[in-house]
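K.L.:
Got a predicted structure plus its sequence, pasted below:
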Amino acid sequence: MLVAQADVLEKRIDFSCKNKTLKEALHKIKKKTGLRISYSDKDIEGKHIRSFKQKDQKVRKILSRLLRSKSMTYQISGNRVVVLPAPRIPNTTPKKHLEILITDDKSEEPLPGVTIYIPQFKRQFISTRLGELEREFYAVDSLRLDFLYIGYDSRTLIIPFKRDTSIHVLLAPSNKTLTEIVVTAPQDIPEKDKERVAVITSDQVDMLRSLNNDRDVVKSLHLLPGVQSGNEGFAGLFVRGGGMDQNLILLDNTPVYSATHLMGIFSIFNENVVGDVELHKNSIPAQYGGRLSSVLDIKTRDGDMEEVSVTGSLGLTTSGFTIEGPIKENKTSFILSARRSWLDLLMPSLSKRWLNGSYKINGRQLANEGEARYHFYDLNGKITHRFSDKDRLSISFYNGGDRFKFTDKFETEALDFQSQRSLELSWGNLTTSVQWLHIFNKGISLNTTAGFTDFRFDYFDYNSYVETINTATRAGISSVQNYASDIRDISLQTALNIELSENHLLSIGLQGVRHDFSPGINERREENLDTLIQLKTNFSNPHFQANEFGFFAQSQHNIGKLNLNAGIRTAFFSIDKKLFSTFEPRLSTSLQLTNQYSLRGSYTSSTQFLHLLSNPNLGLPSDLWVPSFEDIPPERSWQLGGGMVWANDTYLFSVDGYYKRMRHLIAINNQDESFLRDNNWRNATVTGNGDAYGAEVALAKKSGSTTGIVGYTLSWSNRQFDVVNRGNAYPYRHDRRHDFSVAIQHDFNKKLAAKADWAYGTGNRFTRPISKIPGYAAYEYESRNRSTMSPFHRLNVGVVIQGERAEKFNWTLDIGVYNVYNRKNPFFTYLVDEDDSTLGNEFNLVELSLFPVLPNINYSFKF
Amino acid sequence: MKSGTLHSRSFISGLSFVILLVCACEKPVGIEVSEFQKKLTGFAHIEAGSDSASVYISHNHDLSTIPVYNSIENINFEIHKDGILIDGIRSSTTGLNMGRFTHYTLHSPDRPFEFGSNYSIVMKTNGEYPDAVAEFTIPHDPPVISRFESLSSSLANEVCLVRLNDDPNISNFYHMAIKAIRYDQSPEPIIVQNISFNLEDTNAELVSFNTTYDNDWNALFDDKKGILFSDEFFNGMLDKDLNIIIPKEQFVAAKLPLDNWSYELQLYSVSESFYRFHESTPVQNEIFIGTPVPIYSNLTGGFGCFSAHNLSVKVLSP
């Protein structure tokens, strides 16, 4: 029985009580666990518990903390737990025990990695994965504790510390829009986080919702220095002079190959399920590989283990619905979320107005009916199961895509001629991952992920015409053209984390990926309606398979004021009897000069085995991911970075500089990149080099009713290809000399906040036509990307109103205006050539802009 | 057009539509001509074995003004064959103004343009324009059509089989055109018309070259119909069977009868420069949101395309 009681004490439960007597609290524990608890009414009489909450905690600790707060303790006697008054500790005892539990003030989730700073002792500690800290200190009258955590309001507590003390600290998410300023990695954030260049938590993402009511995680990153959108209003990611394909985007440890909808206007990440978000751009930790510029690591959150809840949102462009809750309380949970765009409700009527009409073709009067439809959707799901304290399994999936359909019909009034066309485009991602976390014992854990990801693009084009000849004979042809491209990965990775000491974490891991590339399969079928002769043709790029294997080792070590993160990564990529290998040293370090000043530096070497044949402006779904070959070697880069950070509880200021060198970048020679590749893409692909360098400055106010961030980036990014621009180096299309943004939020009270942001950036580079060549119907162009489009700048404003209709029904109303002063920011530039030999020639260079002033409204609720 | 481009046009049309629905608006910006330099533009397409060549000369113009095309007269032409200057080449005129172009006819009565030789033509204008040098190769032998026969005929399509022979040791480039010919009682045809057709691979391995090109300048082909392709798809094979599909819709539209046509298959072996030039023009013309690419030119110091061809003909009677 004693053994059984001990088992119960080790069991993890959630426990909370509010305004109860200690007796009632003990009774609740007894009822919840079956634990036999004995006590003397006299000992516990008059002891009240104002508020006590523990989540997923061992009964032993719950009991200990509960009783310690009331100067009580317990002993196991026989088959019972006996509650006793705590023994008086002699004043001569030099050290006392301090036990701290830190949780989110709303969700009660333990907060790992919180920095706890104790000025008296000049000591700094980090909370464990369970949000705990246990240490012994010399007893003092009062102990000051500073709590610092990314995305949360800093908090300072002064507690009496003359005896063993247990406290529960609740940290509130920083109710500010711009707390992602942690990009500058202040010296006060946890040591293990110092390597992180940018870390945004899901709570911050909620706060960072953009004024168009899409709380888009990717768009929120654009406020960070060194991160660009590519085009104003788009969700592309261009980091420190790199291309859109140079970012490794992970969803639950599984790569996502196309992370945007509607050519890049929306990201695929549904804010309702986004959990932890990390962006690495200064230095990339050794566990990540395969891209040159950055890593965006997005984890979906677990479903609630205790209660079922429903979240919904209604916006002008998209709406979503999320349900989550326990399958088995405190053991298994689920979360299911769906999001869909509304554009297809509007498009048919608009497109009909545009397409329908009457035309005269070849002497016949034809009536035309046409319609276009478009929508995108996202489905996310996750099941999490805790087998035990040491094993946890989660299975997550994502399926999302875009669908575009265009139909067009011409016919004569007599119906002796009919022509029909149906064009369908669809593209999307499917990802699945199974993640298993196993804790061997204190300080050693194994994290294993099996993943599957698939990105597919399909094109279907049906054409037919039927004609009646001589009133009796019918002639016609129907044809179907299919095109499909696909990239598919199956991966397995595992990482072993060993805490050698409280200041030293060692990680080693293995990764294996099987890539399947189908970079373009065409099929054409044609049927003669008269003779029924059928023609069928297939032509395609070859299908490729490649295997990638990687190994990494990484050491995070705090040596006094020096934080050192050193790692190596080696990887092998085999394809077509060719083996590529890479050895990538990574180093990131920071030195804390004073409590407020710190310096940091990093070196990152990276290799990218996959290339994207893409349109340089947009995230077109027709872009093709292709592997490295002997004639198209892997892209490689190294980056050197350094910076300084000054921070206190309220303000943060940082300056960073970087230089990045890239080799074997690819480009398409003498091909229009906006189109699908034909079969000789390997012949048309050329390789070259690039470099990027710049400085980033950020200033943020992190706390108070008014918060804000100011960011500025000065940067250069160049490319050089032997066969492009006559071999001369030229500016990269996204070479943006100046990039400035400022964003402010003011909280009037807990229910009302106003926010505004303004951004300015040098226009994108483009190549200007300078002369027309007769006979070509074409132009002579200046040197590549010599010109810049007009600069973009845009002001957004909005208010957020929060309310409560019932005890458990919360709602939020976002009202805003996008592009308040209707700035026509250039999306791309093109030449209008109204060439007419009888009237003379007229040329106009025209900038096309997409987003005028737009009102936004979004209503979301949770119950 | 190429199949990839075929997709792309439709695809981009669709996406353009989506973009336009998102309230796109336009704003003119200035034209700058800081790098503009006036240069010669020249085109010529020479028949192998011929002793004359038509050369069309013009110049580029900047985009900031309404262009005025000046007649370019008194050009001195120097023709080099395999690096050796050929004497006795003369221009028939001092330049015939044809609007945008000035037309020259070069005569070389004793020195026809030889199969397989490399030529360079230097054009000098006494400093008015920078000298321009065109370099090109006359294709080797005429192409070989070993079979041309009908597979099926209906009111909708005429399907023919054509077998081409290719020398795998050298790169060959072809232009294919078809004329529909209709005879009445007399031996002279009463109708001759270039027609549209599709070309497909019978082995279902590769079809990517149903390319009908279209450009302002046209020195070779009457009405711009035809298919231009390289021998890449031969994959080193000596023979290649292809299906030619002639849609009868075009006869209906022209109010012509559907049957009893003879088809004359014209297969040109063309210079690589001709292929590269026509391959690059639609690319630049179709640029919508991509990066502009320079158009192909084999004129150093100017713009244009000088090329040559050999012709083979085979007729399929009804």
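P.N.:
Nice, thanks for sending it over.
K.L.:
Got the domain ranges for chain A?
P.N.:
Taking automatic domain parsing as the criterion, chain A consists of the domains A:1-86, A:309-421+A:433-862.
K.L.:
For chain B, which segments are assigned as helices?
P.N.:
Using DSSP state H, the helices of chain B run over residues B:3-21, B:249-253, B:272-285.
K.L.:
Out of those helices, name the one with the poorest average pLDDT.
P.N.:
The weakest mean pLDDT among the helices of chain B belongs to helix B:3-21, with a mean of 44.
K.L.:
Please see if stretch A:377-390 touches chain B.
P.N.:
No: on the criterion C-beta under 8 Å from any C-beta of the partner chain, stretch A:377-390 is out of touch with chain B, staying 15.8 Å away. All C-beta spots, glycine's among them, are computed from the backbone N, C-alpha and C.
K.L.:
how about that stretch: buried residues?
P.N.:
Within stretch A:377-390, the residues that count as buried by 16 or more other C-beta atoms under 10 Å in any protein chain shown are A:377, A:378, A:379, A:380, A:381, A:382, A:383, A:384, A:385, A:386.
K.L.:
can you check stretch B:298-317 too?
P.N.:
For stretch B:298-317, the neighbour count (16+ other C-beta under 10 Å) marks B:298-299, B:302-312, B:314, B:316 as buried.
K.L.:
got it, and stretch A:393-413?
P.N.:
Quick answer for stretch A:393-413 (16+ other C-beta under 10 Å): A:393-412.
K.L.:
got the CA positions of stretch A:738-754 in PDB?
P.N.:
The C-alpha trace of stretch A:738-754 is given here as PDB (Å, rounded to 0.1, in the frame of the first residue of the first chain):
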ATOM      1  CA  HIS A 738      16.500  51.500 -47.200                       C
ATOM      2  CA  ASP A 739      13.800  49.800 -45.300                       C
ATOM      3  CA  PHE A 740      12.100  51.600 -42.400                       C
ATOM      4  CA  SER A 741       9.100  50.700 -40.300                       C
ATOM      5  CA  VAL A 742       7.500  52.100 -37.200                       C
ATOM      6  CA  ALA A 743       4.600  50.600 -35.300                       C
ATOM      7  CA  ILE A 744       2.800  51.800 -32.200                       C
ATOM      8  CA  GLN A 745       0.100  50.500 -30.100                       C
ATOM      9  CA  HIS A 746      -1.700  52.200 -27.200                       C
ATOM     10  CA  ASP A 747      -3.900  50.400 -24.800                       C
ATOM     11  CA  PHE A 748      -6.600  52.700 -23.400                       C
ATOM     12  CA  ASN A 749      -7.900  49.900 -21.200                       C
ATOM     13  CA  LYS A 750      -8.200  46.200 -21.200                       C
ATOM     14  CA  LYS A 751     -11.000  46.300 -23.700                       C
ATOM     15  CA  LEU A 752      -9.800  49.000 -26.200                       C
ATOM     16  CA  ALA A 753      -6.600  49.400 -28.000                       C
ATOM     17  CA  ALA A 754      -5.500  51.500 -31.000                       C
END
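K.L.:
And for it, what's in contact with it?
P.N.:
Contacts of stretch A:738-754 with the rest of the structure, by C-beta atoms under 8 Å, 6 or more residues apart in numbering or on different chains, involve A:175-178, A:207, A:222-223, A:225, A:228, A:705-715, A:755-762, A:797-803.
K.L.:
If any of these are buried, give me the PyMOL selection for them.
P.N.:
Buried residues among these (16+ other C-beta under 10 Å), as a PyMOL selection:
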select buried, chain A and resi 175+176+177+178+207+222+223+225+228+707+708+709+710+711+712+713+714+715+755+756+757+759+761+762+798+800
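K.L.:
filter the buried residues of stretch B:298-317 by proximity to chain A?
P.N.:
B:303, B:304.
K.L.:
Look at residue 114 and say how many residues are nearby.
P.N.:
Chain wasn't specified; assuming chain A. 26 (other C-beta atoms under 10 Å in any protein chain shown).
K.L.:
sorry, should have said chain B
P.N.:
Residue B:114 has 14 neighbours, counted by other C-beta under 10 Å.
K.L.:
check contacts around the closest residue in space to it that isn't next to it in sequence.
P.N.:
Excluding the flanking residues, the one nearest residue B:114 by C-beta to C-beta, 6 or more residues apart in numbering or on different chains is residue B:138, at 6.2 Å. Listed by C-beta under 8 Å, 6+ apart, the contact partners of residue B:138 are B:46, B:48, B:113, B:114, B:115, B:116, B:117, B:119, B:271, B:308.
K.L.:
Mind doing that once more with 6 Å?
P.N.:
B:48, B:113, B:115, B:117, B:308 (C-beta atoms under 6 Å, 6 or more residues apart in numbering or on different chains).
K.L.:
Any idea which helix or strand in the chain has the lowest mean pLDDT?
P.N.:
Unless you meant another one, I'm taking chain A. Ranked by mean pLDDT, DSSP states H and E, the weakest helix or strand in chain A is strand A:198-200, scoring a mean of 39.
K.L.:
Start and end of stretch A:133-143, how far apart?
P.N.:
Stretch A:133-143 has its terminal residues 15 Å apart, counting by C-alpha to C-alpha, to the nearest Å.
K.L.:
Show residues contacting it.
P.N.:
A:94-100, A:116, A:125, A:127, A:158-162.
K.L.:
Farthest-apart pair in those residues, please.
P.N.:
Across those, the longest distance by C-beta to C-beta is 24.9 Å; it joins A:94 and A:127.
K.L.:
roughly how far is the longest strand along chain B from the heart of the chain?
P.N.:
Secondary structure assigned by DSSP state E gives strand B:302-316 as the longest strand of chain B. Chain-centre distance of strand B:302-316: 7 Å, with C-alpha atoms, centre = their mean, to the nearest Å.
K.L.:
returning to what we had before: among the contacts of residue B:138, name the ones in strands.
P.N.:
The strands, defined by DSSP E, take in residue B:308 from the contacts of residue B:138.
K.L.:
how about the contacts of residue B:138 in CSV, adding distance to residue A:510 and pLDDT?
P.N.:
Converted to CSV, the contacts of residue B:138 look like this (distance: C-beta to C-beta, whole Å; pLDDT from 0 to 100):
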residue, distance to residue A:510, pLDDT
B:48, 63, 86
B:113, 66, 85
B:115, 62, 84
B:117, 62, 87
B:308, 61, 89
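K.L.:
Pick the most deeply packed of the domains of chain A.
P.N.:
Most buried of the domains of chain A, by mean neighbour count (mean count of other C-beta atoms under 10 Å in any protein chain shown): domain A:309-421+A:433-862, with a mean of 18.
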